[in-house]
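1. Sharing a sequence plus its predicted fold:
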Amino acid sequence: MKKLIAASLVALSLGVSGLASAEPIKVGMITTLSGGGAGLGIDVRDGFMLALKKAGNSEIEVVIEDDGQKPELAVQIADKMIQSDQVDILTGIIWSNLAMAVVPSAVAQGKFYLSPNAGPSALAGAQCHENYFNVAWQNDNLHEAMGQYANQDYKKTFIMAPNYPAGTDALTGFKRFYKGELAGEIYTQIGQTDYAAEIAQIRASGADSVFFFLPGGMGIAFMKQYAQSDVGIPIMGPGFSLSQDILAAVGDAALGVKNSSQWSKDIDNEANKAFVAAFQAEYGRLPSLYASQGYDTANLILSAAAKASVKDTDAFRAALKKADFESVRGDFEFGNNNHPIQTIYVREVIKENGGLTNKIIGTAFEKHQDAYAADCAMK
Amino acid sequence: MQTALFIEQVLNGLQLGVMLFLMAAGLTLIFGVMGLINLAHGSLYMVGAFACATVAAATGSFWLGLAASLAAAAAAGAIIEILVIRRLYERDHLDQVLATFALILIFSEGTRWLFGSFPLYLDIPPLLRGTVPIPGGSRYQLYRLAIIGVGIAVAVGLFLLISKTRLGMRIRAGESDREMIGALGVDIRTLYTVVFALGAGLAGLAGALVGALQSVQVGMGEPVLILAFVVIVIGGIGSIKGALVGALLVGLVDTMGRFLLPQLFSLLMTPSQAGLVGGALASMLIYIVMAAILAVRPQGLFAARG
């Protein structure tokens, strides 16, 4: 199922400034549009397309394909996009195991890869690459923030994540800043939907809190079953476990749960207000952090395209690195390893206008950089 | 611990097993009677869950939703049997796999078109909310106990249906010689539709029951389908008894593996490594068990036909 979408409808006026490059850009988006992880990919895609539409840019053409959350499929699609579609930039991958399968070979072939979601530690450290830019976060970041935050209230936390690169990064990140004792550490299967066995272990562990990283359908299943089991131990997670795309399906079980994110609907800046309003008007739902990442990724490409032609790789790369765009999360800059240096907030799930959403209650880190930047040879 | 935790995990294993039985019973019945490999069985599970979530959201009653899930899945089963499956009985298994795989895609895209890609909300009914004390001092979720109850009731019901009723007699006859019972004047076409709808209804019921625990979303049926195939291969294709034993075995092995293997490895390495290695091995465990059983009994534990 191939969708070829002309990126924007009409350039609004001839007077649009900054379109220095007449060179069209072809972007290949490989993302997850089916299965239990589809909500994430759809939000990234919708955020990305919204940014292009708002900019009224007709020079960027986007080819979108569904990877079905399967690494082998993602590799095939990437090969096809590079060889027959001749894309200049690849983006879109949600899952770190897919990113590990696609990104190293794509950047080695001279393509740019801009990650709107996955940020595996391997690609931030020794395997960093000048053509790989992460517009979201390094995987550990949000979990580090929750580890830091947990020190306030908890002494004995039970931690849990799926067994794949982002899952191990998650628990590593949490442990890097958490000073208390661990009541247990479990790796679940990716895509798992029944957590009865894990919940029984949590109940028996004597923990005073639970930290869980389970994005998409996994988080919905866990949260519901946990609430239904009357365990009563407070839970917390990264923003992925409590993002806007899953809150409606989790229901009131999510109320009051603390989570960390680099973005939230209520961050007070003009770019974010415009984004949230436009997203709601376009798609009839609230954006998630994934949508904000897709939106920022597209705006980063637009900002670079205004400065340099994508065919002039060195100039385009330098333009990307400047990150000269209005990020919806506020201040944004790239570190030496092309990963963001940014603020990470702590949020709480609240009820608003009859629906569930997140509200910022504090800041875990300001100008936070990932722990692997020093291992990267780039300056 | 650890008795309480152990008992709780055994119950979890039974509950997973019973769920798999609801899926596997239909799958194995359809294979046993019609010789058909139905990959779209997971889609019928999804249809049941969506019907339950939709009706429960509209009426506020989980029970109406549950009835709707049975009806919708059985109806969907009957319709695809008449429109598509009926043409496949004489074909070889590869054609059946291709056609029913196409049905998965049609059901998934159709559901996405109707309901969107974001998961639906379905909660357990107020009557079954909460937990009950279990031996050892822990507590267990009432709803999961109810699922075990439903599974046992379905197993007993299927046993009675197949061994005591006229329909059951025809099903058994159809399994052993389908040309002959056709020649004896039994309306084999209707029988097939009824069996298919029965299997579909059970899958829909399983989808609705599990939908309240997990998330109701497009593609939810495929992971369960894979486990259900493991179950019927272990149990012996075509055998209801095999499906029951296989399902309980898979449920218990999977749950206990996830629980015990990381603990076992933690005797040898750090908890974090033990979690990774144990978790990885636990996810392979049922396939290892399946391979071991097939090595000893290639036809499965209770093969219905050679």
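-> Perfect, I can see it now. Residues are numbered from 1 along each chain as shown, chains lettered A, B, ... in the order given.
2. tell me the phi and psi of B:Val216?
-> Dihedral pair for B:Val216: phi -90, psi 100, per degrees, to the nearest 10.
3. Do I have it right that it meets B:Asp123?
-> No: here B:Val216 does not reach B:Asp123: they are 10.7 Å apart, not a contact under C-beta atoms under 8 Å. No exception for glycine: its C-beta is placed from N, CA and C like everyone else's.
4. With neighbour numbers in mind, choose between those two.
-> Taking neighbours as other C-beta atoms under 10 Å in any protein chain shown, B:Val216 and B:Asp123 compare with B:Val216 leading, 27 against 19.
5. Please report how far the more buried one lies from chain A.
-> According to C-beta to the nearest C-beta, to the nearest Å, B:Val216 and chain A sit 7 Å apart.
6. who touches that residue in this structure?
-> A:Ala249, B:Ala49, B:Phe50, B:Cys52, B:Ala53, B:Pro119, B:Leu120, B:Tyr121, B:Leu122 (C-beta atoms under 8 Å, 6 or more residues apart in numbering or on different chains).
7. could you redo these as TSV and give each row neighbour count and secondary structure?
-> Below are the contacts of B:Val216 laid out as TSV (neighbours: other C-beta atoms under 10 Å in any protein chain shown; DSSP: H, G, I helix; E, B strand; the rest coil):
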residue	neighbour count	secondary structure
A:Ala249	25	helix
B:Ala49	33	helix
B:Phe50	28	helix
B:Cys52	32	helix
B:Ala53	28	helix
B:Pro119	27	coil
B:Leu120	21	strand
B:Tyr121	18	coil
B:Leu122	26	coil
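8. I'd assumed A:Asn134 was in contact with A:Leu320.
-> No: judged on C-beta under 8 Å, A:Leu320 makes no contact with A:Asn134 at a distance of 11.3 Å.
9. Now the common contact residues for the two.
-> Contacts common to A:Leu320 and A:Asn134, judged by C-beta under 8 Å, 6+ apart, are A:Leu114.
10. Can you pull out the residues in contact with stretch B:223-233?
-> Against stretch B:223-233 from outside (C-beta under 8 Å, 6+ apart): A:191, A:193, B:19-21, B:23-24, B:27-28, B:31, B:39, B:41-42, B:45, B:206, B:210, B:242-243, B:246-247, B:250, B:286-287, B:290, B:294, B:300.
11. Which among the residues you listed count as buried?
-> Among the contacts of stretch B:223-233, the ones that count as buried by 16 or more other C-beta atoms under 10 Å in any protein chain shown are A:191, A:193, B:19-21, B:23-24, B:27-28, B:31, B:39, B:41-42, B:45, B:206, B:210, B:242-243, B:246-247, B:250, B:286, B:290, B:300.
12. Can you identify each of the strands in chain A by residue range?
-> Counting by DSSP state E, chain A has strands at residues A:3-6, A:25-31, A:60-66, A:89-91, A:112-115, A:132-134, A:156-162, A:181-188, A:209-212, A:235-238, A:258-261, A:333-334, A:340-352, A:355-368.
13. wait, which of those is closest to A:Leu171?
-> Nearest of the strands of chain A to A:Leu171, taken as C-beta to C-beta: strand A:156-162 at 5.2 Å.
14. Show me what the closest one is packed up against.
-> Strand A:156-162 sits against helix A:165-177, strand A:181-188, helix A:196-204, strand A:209-212, with contacts defined as 3 or more C-beta pairs under 8 Å, 6 or more residues apart in numbering or on different chains; DSSP states H and E.
15. what's the angle between that strand and strand A:181-188?
-> 20 degrees (axes from the mean of the first three to the mean of the last three C-alpha atoms, to 10 degrees).
16. and the angle from strand A:156-162 to helix A:196-204?
-> Using the same axes, to 10 degrees: strand A:156-162 against helix A:196-204 is 170 degrees.
17. coming back round to it: out of the contacts of B:Val216, which is nearest to B:Gly199?
-> B:Ala49 (16.3 Å).
18. Regarding chain B, what is its longest helix?
-> helix B:2-34 (DSSP state H).
19. tell me the mean pLDDT over that helix?
-> Averaged across helix B:2-34, pLDDT comes to 91.
20. hmm, that helix in reach of chain A?
-> Yes: shown here: helix B:2-34 in contact with chain A (C-beta under 8 Å from any C-beta of the partner chain) through B:Gln2, B:Ala4, B:Leu5, B:Glu8, B:Gln9, B:Asn12, B:Gln15, B:Leu16.
21. which helices and strands does that helix pack with?
-> By 3+ C-beta pairs under 8 Å, 6+ apart, helix B:2-34 packs against helix A:196-204, helix B:41-59, helix B:142-164, helix B:166-176, helix B:188-211, helix B:221-235, helix B:240-265.
22. if we go to 6 Å?
-> helix A:196-204, helix B:142-164, helix B:166-176, helix B:188-211, helix B:221-235, helix B:240-265 (3 or more C-beta pairs under 6 Å, 6 or more residues apart in numbering or on different chains; DSSP states H and E).
23. Could you check how far that helix is from the centre of its chain?
-> 8 Å (C-alpha atoms, centre = their mean, to the nearest Å).
24. ok and it relative to helix A:196-204, angle-wise?
-> 170 degrees.
25. In helix B:2-34, which residues are buried?
-> Under 16+ other C-beta under 10 Å, the buried positions of helix B:2-34 are B:4-34.
26. Run the angle between that helix and helix B:240-265 for me.
-> Interaxial angle, helix B:2-34 versus helix B:240-265 (the same axes, to 10 degrees): 150 degrees.
27. Now do the helices for the stretch 201-350 of chain A: every range, in order, please.
-> Remark: helices assigned in the stretch 201-350 of chain A by DSSP state H, counting those that start in this stretch are A:217-228, A:244-250, A:270-283, A:289-305, A:313-322.
28. Can you give me the pLDDT of residue 277?
-> Using chain A here. We have a pLDDT of 96 for A:Ala277.
29. wait, chain B
-> Per-residue pLDDT puts B:Val277 at 87.
30. Now do it: how many residues are near it, please.
-> 19.
31. How far off centre is the one helix or strand it maps to?
-> In the assignment (DSSP states H and E), B:Val277 maps to helix B:271-296. Distance of helix B:271-296 from its chain centroid, counting by C-alpha atoms, centre = their mean, is 21 Å.
32. Noted, bye for now.
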